[in-house]
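Undergrad: Predicted structure and sequence below. I'll ask about it afterward.
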Amino acid sequence: MPRLLSISDPNAITDAVRLLAAGRLVAIPTETVYGLGADACSGEGVAAIFAAKGRPRFNPLIAHVSSLAMAEEHAVFDPVSRGLAERFWPGPLTLVLPAREGSDIHPLVRAGLPTLALRMPHGAARDVIQALGRPVAAPSANRSGKVSPTSAAHVARSLGEAVDLVLDAGSAGVGLESTILRVGEDRIHLLRPGGLDVAEIEAASGLPVVAVGEGSAIEAPGQLRSHYAPDGAVRLGARSVEPGEWLVRFGEEAVAGEEKAAGISQLSAARDLREAAANLFAILTELDRPDIARIAVMPVPDHGLGMAINDRLSRAAAPRHDMHDADAFIREED
Ligand code: AMP
Ligand code: MG
């Protein structure tokens, strides 16, 4: 069982920060549900979230901030989004914004998307983030497919040893997740209804809020595609390299033809799935270049985090015209 510490314990915040800074997981009470937190800038920490949840895919995570200034370091705010943040933060409102170039939030948090979801929570969660000085990535602290936890004991039962510390603040008041929005030109897209009432958002912004699906899509498929897959064709399960292909390695074993490869990237020399998960999106982004026409990826074992890695790789390798899967990918929840 993980260690439980009451948020009224004088060591609660410092212990949580020490673990997060070391790339470990801490379950943190928020006004919605208990979150499974990691340092959003740590690839090891963020990969550990997916491993602990036992999730078969990568979905983008909400990065939690302690101030608007911290949020602006990592995303580009339009005036409407900034107004909503000023009015409703801290609170159950998540804004999806263009990620800021140079942000050191790990790419696995965005699951390779050009956008970043940000929220400022109340109370102990905000204190932890402020003390850490960096955003905390946190989905609900349950194993994938199980209900969102509203008590520390519930978290401990669901995640066990996968989480290093659970901060206990009694039962989460609301039990409702945050409302997720993306501000558009003349309307606001509702990506997920939640704890903040849509009527309040309309009143504050003067813009209509439309559920995604009712109005226009949130992202043009063309925009998304270039972030879901590199420019070049992707070949999976490669045990040899054709001349001119770019090789993506998993492990150090010799691969026939590798001396003729256009270049080589390494997911994990040690064949560590957590390391590979942390490297995956950075590698796919690096290889999204017009001069790289063909990419060969060595086989990755299909268990644990390897399932999520293979899911993403198979999307990168899929024919490029069908965007339905990509849509399901960003809107799926756990
Ligand atoms: P949870 O962490 O359980 O509250 O779920 C996070 C939700 O935020 C999921 O529904 C994600 O799909 C959504 N989300 C996170 N980042 C983005 C993004 N960049 N674009 C759209 N949706 C996002
Ligand atoms: Mg959840």
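TA: Happy to help now that I have it. Ligands and ions are numbered 1, 2, ... in the order given.
Undergrad: For the closest residue to ligand 2 within the stretch 51-200 of the chain, give me its contacts.
TA: Nearest residue of the stretch 51-200 of the chain to ligand 2: residue 140, at 3.2 Å (Cβ to the ion). From N, CA and C alone the C-beta is placed, and that goes for glycine too. When contacts are counted by Cβ atoms under 8 Å, 6 or more residues apart in numbering, residue 140 touches 33-36, 148-149, 177, 334.
Undergrad: run the last query once more with 6 Å
TA: Counting by Cβ atoms under 6 Å, 6 or more residues apart in numbering, residue 140 touches 33, 148.
Undergrad: next one: residue 288
TA: Residue 288 touches 230-231, counting by Cβ under 6 Å, 6+ apart.
Undergrad: and the closest residue to residue 194 other than its chain neighbours, what are its bridge partners?
TA: Nearest-residue entry for residue 194: residue 179, 3.8 Å, with adjacent residues in sequence omitted and distances by Cβ to Cβ, 6 or more residues apart in numbering. Beta-bridge partners for residue 179, by DSSP bridges, are residue 93.
Undergrad: what's the neighbour count on residue 179?
TA: Neighbours of residue 179 under the rule other Cβ atoms under 10 Å: 24.
Undergrad: One more: the one 3 residues further on?
TA: Neighbourhood size, residue 182 [other Cβ under 10 Å]: 19.
Undergrad: and if you look at residue 102?
TA: Neighbours of residue 102 using other Cβ under 10 Å come to 7.
Undergrad: helix or strand for it, which one?
TA: Under the criterion DSSP states H and E, no helix or strand holds residue 102.
Undergrad: Number the residues from 18 up from this point.
TA: Taking 18 as the first residue, the last one we looked at is residue 119.
Undergrad: ok, back up a step: please tell me how far the residue of the stretch 68-217 of the chain closest to ligand 2 sits from residue 63.
TA: Using Cβ to Cβ, to the nearest Å, residue 157 is found at 15 Å from residue 63.
Undergrad: got it, and residue 108?
TA: In terms of Cβ to Cβ, residue 108 sits 24 Å off from residue 63.
Undergrad: More neighbours: the two, which one.
TA: residue 63 (26 against 18).
Undergrad: got the phi/psi numbers for that one?
TA: phi -70, psi -40 (degrees, to the nearest 10).
Undergrad: Hmm, residue 124 and it touching each other?
TA: No. Residue 63 lies out of contact with residue 124 (Cβ atoms under 6 Å); the separation is 9.0 Å.
Undergrad: Quick check: residues of the stretch 118-267 of the chain near ligand 2?
TA: The stretch 118-267 of the chain comes close to ligand 2 at residues residue 157, as judged by Cβ under 5 Å from the ion.
Undergrad: Going by residue numbers, what spans are strands in the stretch 118-267 of the chain?
TA: Using DSSP state E, counting those that start in this stretch, the strands found in the stretch 118-267 of the chain span residues 132-136, 153-154, 182-185, 196-200, 205-209, 226-228, 250-252, 263-266.
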